[in-house]
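Trainee: Pasted the sequence and its predicted model underneath.
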Number of protein chains: 2
Amino acid sequence: MGIKERKERHREDFKAKILQAAKKLFVTEGYEATSIRKIAAEIEFSPTTIYLYYKDKTDIAYALHQEGFGLLRERFSTLAYVDDPFERLKAMGRGYIQFAVDHPDFYELMFIMKEPMQYLQAHHPEEEWPEGERVFDALMQTVDGCKARGYFSSMNTEEMAMLSWSMVHGLCSLHITSHFKHIAEKCSGIELVKQDTLLVNVFSAYLQLLERLK
Amino acid sequence: MGIKERKERHREDFKAKILQAAKKLFVTEGYEATSIRKIAAEIEFSPTTIYLYYKDKTDIAYALHQEGFGLLRERFSTLAYVDDPFERLKAMGRGYIQFAVDHPDFYELMFIMKEPMQYLQAHHPEEEWPEGERVFDALMQTVDGCKARGYFSSMNTEEMAMLSWSMVHGLCSLHITSHFKHIAEKCSGIELVKQDTLLVNVFSAYLQLLERLK
DNA sequence: AAAATTACTTAACACTGTTAATAAATAAAA
DNA sequence: TTTTATTTATTAACAGTGTTAAGTAATTTT
């Protein structure tokens, strides 16, 4: 009964093909401009065909969201080999920021937009966002490691992890939505510093804070 | 020549009327569901009439965005009377968080969505977001006050202000996009704590961090 | 009263996500 | 091998979106 398997394989291929087209449009033109019809045109199929493979548009959004987490995990995977937990925490933060700068559209889909997370809540309420949990677990372990070495002792591990995540996410988020751009230009006493280094600078200030607590 | 003034006044009234209808829909049904046609139906005018008073939809979005900043400034205004700068900083953070919890839709429009800021950049590139600058200035002054009392000395004021803003924004943002909800439920060792207190708890952890640096 | 300006509406364009009904291609059963 | 059944893809359509051009009604000005 290899026929069913072949069909299933073909189906997966087709799903991948759709996703590839969606990703192309998404990266070049953004999420809003990525319409079902455009994806269909890209793969030279009728728009309704897409609905035979993906439930709706948010389903595609969630698939791209997962793709984005693949990219992020790729960046983080090598950091597992950094022994010193505080060094790892620093590197994670910088890696996270760099990811947001390199892939702002993916970052938006993964952490700023509501749609994919709502899709998750509506259609897979049981598995509870495994990609996010994995990354957050890694962060918690790193925080625990830091605590073991005397950093921010007497602090709750989970709260500390959330604090760090919120910190870098706040930075990346305000950067992407161009909120920083507006306050950095005029309000700032220091001259217009390059946006990317601005993020890293503020993050360094945060690290400085943490380091003093040792 | 009171006629022209009367007309101008009427025009402003009409703009306010449109905005009121938009706000009503926006608060009850969210931004996406707030269409020009629905706003028009609400005020019992033709959809195209709205374009005689607002350039386009992002123009309305920006007007609501400003309205939101009015609400936030209202909350912050009383805090100016708090003498101790560190107490003020704490209160500002908690006020900011409470605002996000009370008005998630406004918060989204003000700090999460790209549309209003992009509108600003496109149509008023010279005035550079006065509402935001004012709030950020207040934050910087408070940070400066803290420094004068020995808190986080040797830290750059602007970076410290951005750090604090990013911190609370990260918290509120991840809360609103329901990212926290997903990691708090399963991944968390501690039992499902009420989301609102979670935000305040993490913020408190941040304050604890700052306090230790005195 | 006639002309000009202003205020508003109707109709339409070019899109969007999504579904029901239908045709074409393939597989299973006779 | 021919007929039936199933899968796969399509066309047409619904109900909506932001937005603009053209036309109408009301008001002011001449």
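Mentor: Happy to help now that I have it. Numbers count the residues shown, from 1 in each chain, chains lettered A, B, ... in the order given.

Trainee: When you work out contacts or count neighbours from here on, use the C-alpha atoms and nothing else.
Mentor: Will do.

Trainee: In chain A, what residue comes closest to DNA strand C?
Mentor: A:Ser35 (3.1 Å; Cα to the nearest atom of the strand).

Trainee: ok, that residue to chain B distance?
Mentor: Separation of A:Ser35 from chain B (Cα to the nearest Cα, to the nearest Å): 16 Å.

Trainee: now A:Arg6
Mentor: Using Cα to the nearest Cα, A:Arg6 is found at 36 Å from chain B.

Trainee: OK, contacts around that residue?
Mentor: Counting by Cα atoms under 8 Å, 6 or more residues apart in numbering or on different chains, A:Arg6 touches no other residue.

Trainee: at 10 Å instead, please
Mentor: When contacts are counted by Cα atoms under 10 Å, 6 or more residues apart in numbering or on different chains, A:Arg6 touches A:Glu12.

Trainee: For the spatially closest residue to A:His169 that is not a sequence neighbour, give me its contacts.
Mentor: Closest residue to A:His169 apart from its sequence neighbours, by Cα to Cα, 6 or more residues apart in numbering or on different chains: B:Gly170 at 5.3 Å. Counting by Cα under 10 Å, 6+ apart, B:Gly170 makes contact with A:162-174, B:164, B:176.

Trainee: Which helix or which strand is home to the residue lying closest to A:Glu128 once chain neighbours are set aside?
Mentor: Leaving aside its chain neighbours, A:Glu128 sits nearest to B:His182 (5.9 Å; criterion: Cα to Cα, 6+ apart). Per DSSP states H and E: B:His182 is located in helix B:179-185.

Trainee: in chain A, which helix or strand is least confident?
Mentor: helix A:179-185 (a mean of 85; mean pLDDT, DSSP states H and E).

Trainee: And the helix or strand just after that one, what does it pack against?
Mentor: The first helix or strand that comes after helix A:179-185 along the chain, using DSSP H and E, is helix A:195-211. Packing partners of helix A:195-211 (3 or more Cα pairs under 10 Å, 6 or more residues apart in numbering or on different chains; DSSP states H and E): helix A:85-102, helix A:157-176, helix A:179-185, helix B:157-176, helix B:195-211.

Trainee: would you put the C-alpha positions of the fourth one in PDB?
Mentor: The C-alpha coordinates for helix B:157-176 follow below in PDB (Å, rounded to 0.1, in the frame of the first residue of the first chain):
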ATOM      1  CA  THR B 157      20.600  58.600  31.300                       C
ATOM      2  CA  GLU B 158      19.100  58.100  27.900                       C
ATOM      3  CA  GLU B 159      20.100  54.500  27.700                       C
ATOM      4  CA  MET B 160      18.600  53.900  31.200                       C
ATOM      5  CA  ALA B 161      15.400  55.500  30.100                       C
ATOM      6  CA  MET B 162      15.200  53.400  27.000                       C
ATOM      7  CA  LEU B 163      16.000  50.400  29.100                       C
ATOM      8  CA  SER B 164      13.100  51.100  31.400                       C
ATOM      9  CA  TRP B 165      10.700  51.800  28.600                       C
ATOM     10  CA  SER B 166      11.800  48.600  26.700                       C
ATOM     11  CA  MET B 167      11.400  46.700  29.900                       C
ATOM     12  CA  VAL B 168       7.800  47.600  30.600                       C
ATOM     13  CA  HIS B 169       6.900  47.700  26.900                       C
ATOM     14  CA  GLY B 170       8.300  44.200  26.500                       C
ATOM     15  CA  LEU B 171       6.100  43.000  29.300                       C
ATOM     16  CA  CYS B 172       2.900  44.700  28.100                       C
ATOM     17  CA  SER B 173       3.500  43.700  24.500                       C
ATOM     18  CA  LEU B 174       4.200  40.000  25.200                       C
ATOM     19  CA  HIS B 175       1.200  40.100  27.500                       C
ATOM     20  CA  ILE B 176      -1.200  41.600  24.900                       C
END
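
Trainee: Which positions in chain A make contact with DNA strand C?
Mentor: Counting by Cα under 7 Å from any atom of the strand, the residues of chain A close to DNA strand C are A:3, A:33-38, A:47-48, A:51, A:55-58.

Trainee: Just flag the most distant two among those.
Mentor: A:Ile3 and A:Ala33 (37.8 Å; Cα to Cα).

Trainee: In terms of neighbours, single out the busier of these two.
Mentor: Counted by other Cα atoms under 10 Å in any protein chain shown, A:Ile3 and A:Ala33 do not tie: A:Ala33 has more neighbours, with 11 against 8.

Trainee: Return the residues in contact with the more buried one.
Mentor: With Cα under 10 Å, 6+ apart, A:Ala33 has these contacts: A:Leu25, A:Phe26.

Trainee: same deal with A:Leu19?
Mentor: By Cα under 10 Å, 6+ apart, the contact list for A:Leu19 reads A:Asp13, A:Leu25, A:Phe26, A:Ile39, A:Ile50, A:Tyr54, A:Ile60, A:Ala61, A:Ala63, A:Leu64, A:Glu67.

Trainee: Most widely separated two among those residues?
Mentor: Put simply, by Cα to Cα the two of those set farthest apart are A:Asp13 and A:Phe26, 19.4 Å from each other.

Trainee: and these two? which has more neighbours close in?
Mentor: More crowded of A:Asp13 and A:Phe26, by other Cα under 10 Å: A:Phe26, with 21 against 12.
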